Structure formats: C-alpha cells, structure tokens
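Chemist: Structure for the following, please:
(one chain, ligands or ions: 1)
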Amino acid sequence: HPAFRGRILSRDTDLLSSYDYVVVGGGASGLTVANRLTEDSNVTVLIIEAGELDHGEDFITIPGLAGGAIGTKYDWNLTYVANPSLANRSVSIPQGKIVGGGTKLNRMVFDRGSELDYDRWEALGNSGWGWSSLLPYFKKSEIFTPPNADIVAEYNITTDTSVHGTDGYVHSSYSPFIWPTMKNFVAAIAELGIFTSVDGASGNAYGAYFTQHSQNPANATRSSARDAYYNNFVARSNLHLITSRQVTKLVTSSENGSVTVTGVEFAESSASARSTVSANMEVIMAAGALHTPQILQLSGIGDSTLLSSINVTTIVDLPAVGRNLQDHVLLAVVNSITAPLTAANLTSNATYAAEMLALYESEYTGPYACATGDFLAFLPVSTYSTAGEAIYAEATTQDSSTYLASDTPSEVLIGYEAQFNLLNQDLLADNSAMLEVLWDDGAYILGLQHPYSRGYVKAASSDPFTAPLLDSAFLHNPLDLALLVEGVKFTRNITRTSAIAALSPVEILPGATVTTDAALEDFVRSNAATVYHPVGTCKMGAQAEGGVVDEELKVYGVNGLRVVDASIFPLLPATHIQSTVYAVAEKAANIIKGSDITA
Ligand SMILES: Cc1cc2nc3c(=O)[nH]c(=O)nc-3n(C[C@H](O)[C@H](O)[C@H](O)COP(=O)(O)OP(=O)(O)OC[C@H]3O[C@@H](n4cnc5c(N)ncnc54)[C@H](O)[C@@H]3O)c2cc1C
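Modeler: Predicted coordinates:
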C-alpha cells in the first residue's frame, strides 16, 4: 500500500484493490475500530462513509449549539413509521451521515450505565460483556479531565478518577459553565432524598450525578469520533477513508455451502456506477443500528420471507436481522419559570448572545461552552413511583409475546422472553434506573430507559438508496406507557419542592388540569418522541435466541463478517449510549486483534 500516505480518497480509482479490513460506516464505532486495527502498520483498513467530512461549522463544534446538525445534509433524516400507539404519529429519528456519525450530531452527554445494565448482557449468555469486562474499555476510550476549580466550588461536583482513563482519545470533561437554575434542580433532588453518586461513571449511575461531556476542555469544543480517532491519524499510510460513498451491498461467495463475505459494493449515488473493493480478512459493519441490518438484508442475509418480498435472493436465512429494535422514549414536561438567567436569554437578547459568543471565543467559557444536561437523574421505579408493585404485577402476568409484531420470528420470541424475564426481575430493583430526568430551565426531559416494546428495521425495497422501514414500536407494550405516565406525575413532585417552587413554575405541558391516568396517557401518546438511541437490531446472543452475532461479534452463518456498532447491544443500558458504543468498539478491536482482556 505505498501509493497513498493515509489520506482521504475522493476517487474510486484511488483505492487499493483490496484491504485487510473494510469498515462500513465512519461513525463512532467504525472510526474506533479502524484506528485500533491500523496501530499495526502491517494491517490495511479502508473506511467507506456515506456522508461527508464536516467543515468545522459552529453548530458542530460549539457545545452550546450542539444538535444543530440535525435536519441538515449531515443527517440521514429518517422517520419511524406512523405508530398507532403514538396517536398515529411518525417520529423523526436523526442519524449522522457524516464522518464521525452520531458523534457530530449528538448532545455530547458522555455517561455510562450501571453495573446491572451490562451484567444483564452477560446474563443473557454473552460472556465477557458484563460491567467488569467493559470497564477497561470505557477507560481505554477516554481522556478524562476533572472539572475546573470554579465549577467544583460552585456545584460541589465530585469525581472518582479511578474509574476513568487518561490516555484514550475521546475527551471526557465537564462543562465550564452550567445554567444557574440547575442549582434549583440539584437542590430539589436532594430535598426528595434522592442519592447523588460520587461519579456516575463508576457503575452506580442511579440516583443522580454530574455528567461528563465529550468535550475538549482546552478549547471547549466537541470531541467527536472524527476528532478523537481519525484526525490525528490521517497520516497513517495503512488507513484509508473514502467519503460520500454508500455501501450498497456485501459481496459474498459460496463454496460447499459455506458463505464468505469477500468485499463490498458501493456507489456515490443511486444513478452512479457501482464499484467494489475486496477485504482480505473481514468486512466490519459499523453503519449504525438502523443501516447495518438494512445492508445485511440487501446482501441476502436476513429473514427469507422479507427478502423474497423485496426480490432479494436469500444467501443466509437469519430471521433475527433487524429485529429487537429498542430506543429510549423521550417525553418533555414543560413549565415556565421565573429566573434572572436561563438559556432563553440567548435567543431573546441579541446583545447578551453576542457578548457570550465573544466570551466563548476568547476564553472558552460561558453558555456557549455548555451543551446542557449537566446534572442527570436516573431513577429506579421505586424512587419515582408508588405504582411499582401494581406495574410489576401487570408485568409478571403478561405473556411476553403479546405486544410483539405478529410476524416476529420464533427465535426472536425466545430471546425476548429471556429479556422480558430479566427486565421483570429488576423492575423494582434499587440499582436499576427506569427513568431519566434531565432538567432544562423548567422543562423536564424524561427518557424511558428499559422499554419493553420491540420494533424492527426492514429494507423497504431492494434499492439501497431507499430508506429502510423503521418501526420503533414505541409504547406498544402498555407497561411502557404506565412507566412514563408515572414519570409525568413524578415531575410534579419535583416541581412542588421548595427549590423548584422558588422559580414560580407554571406547568404548560401537559398543564395542571391534565391529571387522570387516561388524560396523561393521551398526553404521552401525543407527545412521546426519541432520545436518539436506537440499538439491538443485530443483537449479540445465541442464534437460537435471536442473536445475529456471537460474543466475538461474528455474524452467524457467514465467514469474514462482524458487526461492531450499536446494533449489537442486546438491551439498552440506562444512559446516553455513545460512551458504551466506544467501549464496545474498543473491545471489538481487541477481539479482532486477538488481545481481548476479559475480567
Ligand atoms: C441527534 C442525536 C443526539 C444524540 N445525543 C447523544 C448524547 O448526548 N450522548 C450520547 O451518549 N449519545 C447520543 N446520541 C447517540 C450516539 O451518538 C450514537 O449512539 C452513536 O453515534 C452510534 O454509533 P454507531 O457507530 O453505532 O453509529 P453512527 O455513529 O451513527 O455511525 C454510523 C455511520 O455509518 C454511516 N453509514 C450508514 N449507512 C452507510 C452505508 N450504507 N455506507 C456507508 N456508510 C454508511 C453513517 O453515515 C454514519 O456515519 C445521539 C445521537 C443523535 C443522532
């Protein structure tokens, strides 16, 4: 590979004819794995990314504008199908289409789930994937900086440096500025007797904690997968990246009934000619939880019934591909408040905004240095609801298959039953969070952490440029609805604390007159959306239980193919998920290199 000194390629003809590894998707997981594999200069890797490189636009780099890339050309602009459980609404689901993937669009919260979240992965049969096995990889991915003295003094933030890494690549640091009404929320949580963790990253992310963000503390800019795992390695001659190329399918060969992935086909647009590139060792799927299963299906790896309905020849009948889709359900309860300074000042007062932008640019602090969401509550059911026993009674009398799609394959039903039993077992546990509550100047952003509902991804046609059919199945299971209704009620308990009452809150959404369970259910159905955390569509687990990959992340029934992205999560952890994606990808890279550390 002497032709190119590790550069970004723009013409198909610049590519080598083969690479050791071809990585499909240059997002969080893809860039991580590509980076680690090319630490060995004898190994060649090509990353194929459908999106472009960003140009350091303010809405990408400045924390206070985080999320601004949603809806732009850097977003796939997908939507979940109209959902009868959501008053027939179609909820949009942004996904990064850009080098860096979701880590260029996201709100930069950089936290971890609790021990139990990952120990459940192991309990589902995935040995080496529990908390103690993943902790070294959480550490490996990050470069942690404790909060600065001013913000510690102001908020009494505590950290546990023993659970953090300092020689990884993703910056994990604290906002140097926090919007002042957060103090009221912190005080309200204490007033309610809710435990605040020393450091949410230590495996006890339940109660509340000050969270890190994926932010470079030196200049208060976003630390994305591109910044972390790619920019400093552009000169590696064995690492190639081609952008604006969509992988259209995997190239496979069959011999004596054994199927091997030998490369990938890709194209710049629907109309342009297809090119191919070979993989000597493996193709590594990192296209994210909504696209990885679609690409497998278009390549003939999936449910033969689905594949024949879209005129794709089945090569490996793996019905679980695209099933087990889970996503955190979001719901906003909104109060107006009276406070001297809130984030609204940035939009209502142009002079203030200009001054704060100047402060950010000169001293890297102030509101623009804050991506918001600095203090998070992750609450066990027992903490936020008195209906836990009743919900548990309903859960344990349910037949696990009742609310799943009628065409759910039998092995997926078996796997779901195991998940369902584990979720029930931990439903009332004090060390398992069910509800996230994020405070945003009077708005409570709720996130349902362990949904019972399961959706799917299905290629909608054999055309790779047609978006896949995505069904989140949000609230199909009435347990999810009940758990969110209880969340809305709980926000009113928070609002009644003296700490929040001091802000003269007035509930706007759903409004104080909405009190009965039926009315609250209507509110939830009419307003629920997504926290942008789809996972699980090529889940790790036994094939007989709907697993698509084994615990080495190899796809069943195919040689030379692994999945390393959020698709492999068997269950959602109670956290924002990017740091888990990085940890999984770090572990995946070590598995591929044969140097996994399993505690
Ligand atoms: C708007 C938004 C806000 C979020 N907020 C947070 C947050 O605050 N904190 C947090 O922890 N997490 C957050 N997340 C989630 C987090 O960013 C994602 O979970 C994470 O990026 C997923 O990593 P991945 O590698 O699985 O996929 P991605 O990072 O999405 O990467 C997949 C890549 O594959 C590319 N691709 C897809 N199909 C093809 C194809 N056919 N050919 C070539 N390339 C392809 C995509 O363009 C993309 O670049 C947020 C996500 C979004 C979208």
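Chemist: How confident is the prediction for S10, by pLDDT?
Modeler: Turning to S10, the model gives it a pLDDT of 81.
Chemist: for it, what are its contacts?
Modeler: S10 makes contacts with 242-244, as judged by C-beta atoms under 8 Å, 6 or more residues apart in numbering. The C-beta positions use only the backbone N, C-alpha and C, and glycine is treated the same way.
Chemist: Now list the buried members of those residues.
Modeler: Neighbour counting with 16 or more other C-beta atoms under 10 Å marks 242-243 as buried within the contacts of S10.
Chemist: Identify those among the contacts of S10 that sit within strands.
Modeler: I242 (DSSP state E).
Chemist: would you turn the contacts of S10 into TSV with pLDDT and distance to the ligand?
Modeler: Converted to TSV, the contacts of S10 look like this (pLDDT from 0 to 100; distance: C-beta to the nearest ligand atom, whole Å):
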residue	pLDDT	distance to the ligand
I242	96	9
T243	96	9
S244	97	9
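Chemist: between the contacts of S10, which is nearest I8?
Modeler: Nearest to I8 out of the contacts of S10 is T243 (C-beta to C-beta; 6.6 Å).
Chemist: Correct me if wrong: that closest one contacts E49.
Modeler: Yes: with contact defined as C-beta atoms under 8 Å, T243 counts as touching E49 (5.1 Å).
Chemist: Overlap in contacts, these two.
Modeler: 26, 99.
Chemist: what helices or strands is whatever helix or strand Q419 lives in leaning on?
Modeler: Counting by DSSP states H and E, the element that carries Q419 is helix 410-425. Counting by 3 or more C-beta pairs under 8 Å, 6 or more residues apart in numbering; DSSP states H and E, the packing neighbours recorded for helix 410-425 are helix 388-397.
Chemist: coming back round to it: Serialize the contacts of S10 to CSV and add fields for distance to T292.
Modeler: Below are the contacts of S10 laid out as CSV (distance: C-beta to C-beta, whole Å):
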residue, distance to T292
I242, 18
T243, 19
S244, 19
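Chemist: returning to what we had before: what comes up buried for the helix holding Q419?
Modeler: Neighbour-count burial for helix 410-425 [16+ other C-beta under 10 Å]: 411-416, 418-420, 422-424.
Chemist: contacting residues around that helix?
Modeler: Contacts of helix 410-425 (C-beta under 8 Å, 6+ apart): 120, 123-124, 319-320, 323-324, 392, 395-396, 398, 400-401, 404, 408, 450, 452, 454, 539, 541-547, 570-571.
Chemist: and that helix, C-alpha only, in PDB?
Modeler: The C-alpha coordinates for helix 410-425 follow below in PDB (Å, rounded to 0.1, in the frame of the first residue of the first chain):
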ATOM      1  CA  SER A 410     -39.800 -17.800  16.800                       C
ATOM      2  CA  GLU A 411     -36.100 -17.500  17.900                       C
ATOM      3  CA  VAL A 412     -36.600 -13.800  18.400                       C
ATOM      4  CA  LEU A 413     -39.600 -14.600  20.700                       C
ATOM      5  CA  ILE A 414     -37.500 -16.900  22.700                       C
ATOM      6  CA  GLY A 415     -34.700 -14.300  23.100                       C
ATOM      7  CA  TYR A 416     -37.300 -11.700  24.000                       C
ATOM      8  CA  GLU A 417     -38.800 -13.900  26.700                       C
ATOM      9  CA  ALA A 418     -35.300 -14.100  28.400                       C
ATOM     10  CA  GLN A 419     -35.000 -10.300  28.200                       C
ATOM     11  CA  PHE A 420     -38.500  -9.800  29.500                       C
ATOM     12  CA  ASN A 421     -37.900 -12.100  32.500                       C
ATOM     13  CA  LEU A 422     -34.700 -10.200  33.300                       C
ATOM     14  CA  LEU A 423     -36.500  -6.800  33.000                       C
ATOM     15  CA  ASN A 424     -39.200  -8.000  35.300                       C
ATOM     16  CA  GLN A 425     -36.700  -9.400  37.800                       C
END
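Chemist: what's the spacing between it and its chain's center?
Modeler: Centroid separation for helix 410-425 versus its chain: 22 Å, with C-alpha atoms, centre = their mean, to the nearest Å.
Chemist: mean confidence score for it?
Modeler: 98.
Chemist: residue in the stretch 401-550 of the chain nearest to the ligand?
Modeler: Y532 (3.6 Å; C-beta to the nearest ligand atom).
Chemist: Pretty sure that residue sits against V91.
Modeler: No: the criterion here is C-beta under 8 Å, and Y532 misses it with V91 at 10.5 Å.
Chemist: Please enumerate the helices of the stretch 301-450 of the chain.
Modeler: 304-309, 344-348, 350-363, 381-384, 388-397, 410-425 (DSSP state H, counting those that start in this stretch).
Chemist: Just say which of the ones you listed is most tucked in.
Modeler: helix 381-384 (a mean of 22; mean count of other C-beta atoms under 10 Å).
Chemist: Quick one: list the elements packing against that one.
Modeler: By 3+ C-beta pairs under 8 Å, 6+ apart, helix 381-384 packs against helix 388-397, strand 435-440, helix 478-496.
Chemist: taking these together, which one is wrapped up most tightly?
Modeler: strand 435-440 (a mean of 24).
Chemist: which secondary structure elements does that strand contact?
Modeler: strand 375-379, helix 381-384, strand 443-448, helix 478-496.
Chemist: circling back: so how do I select the buried members of the contacts of helix 410-425 in PyMOL?
Modeler: In PyMOL, this line selects whichever of the contacts of helix 410-425 come out buried by 16+ other C-beta under 10 Å:
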select buried, resi 120+123+124+319+320+323+324+395+398+400+401+404+408+450+452+454+539+541+542+543+545+546+547+570+571
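Chemist: that older thread, quick check: the residue of the stretch 401-550 of the chain closest to the ligand vs F210, distance?
Modeler: In this structure, Y532 and F210 are 22 Å apart, going by C-beta to C-beta, to the nearest Å.
Chemist: Between those two, which is the more surrounded one?
Modeler: F210 (26 against 21; other C-beta atoms under 10 Å).
Chemist: name the element the closest residue in space to that one that isn't next to it in sequence belongs to?
Modeler: Sequence neighbours aside, I157 is the residue nearest to F210 in space, at 4.5 Å (criterion: C-beta to C-beta, 6 or more residues apart in numbering). Counting by DSSP H and E, there is no helix or strand that carries I157.
Chemist: Would you confirm that I157 contacts A149?
Modeler: No: taking contacts as C-beta under 8 Å, I157 lies outside contact range of A149: 10.5 Å.
Chemist: So those two - more neighbours on which side?
Modeler: I157 (22 against 8).
Chemist: what separates the more buried one from the ligand, distance-wise?
Modeler: 18 Å (C-beta to the nearest ligand atom, to the nearest Å).
Chemist: Near the ligand, which residues of the stretch 51-200 of the chain are found?
Modeler: Neighbours of the ligand within the stretch 51-200 of the chain, by C-beta under 6 Å from any ligand atom: 51, 67, 70, 94-98, 101-103, 105-109.
Chemist: got a winner among the residues you listed for most neighbours?
Modeler: Result: G101 is most packed of these (other C-beta under 10 Å), 32 neighbours.
Chemist: Quick check: the gap between that residue and A28.
Modeler: 5 Å.
Chemist: and for those two, which residues touch both?
Modeler: Joint contacts of G101 and A28 (C-beta under 8 Å, 6+ apart) are A225.
Chemist: tell me the contacts of whatever residue of the chain ends up closest to the ligand?
Modeler: Residue of the chain nearest the ligand, by C-beta to the nearest ligand atom: G27 (1.8 Å). By C-beta under 8 Å, 6+ apart, the contact set of G27 is 49, 96, 100-103, 225, 286-288, 565.
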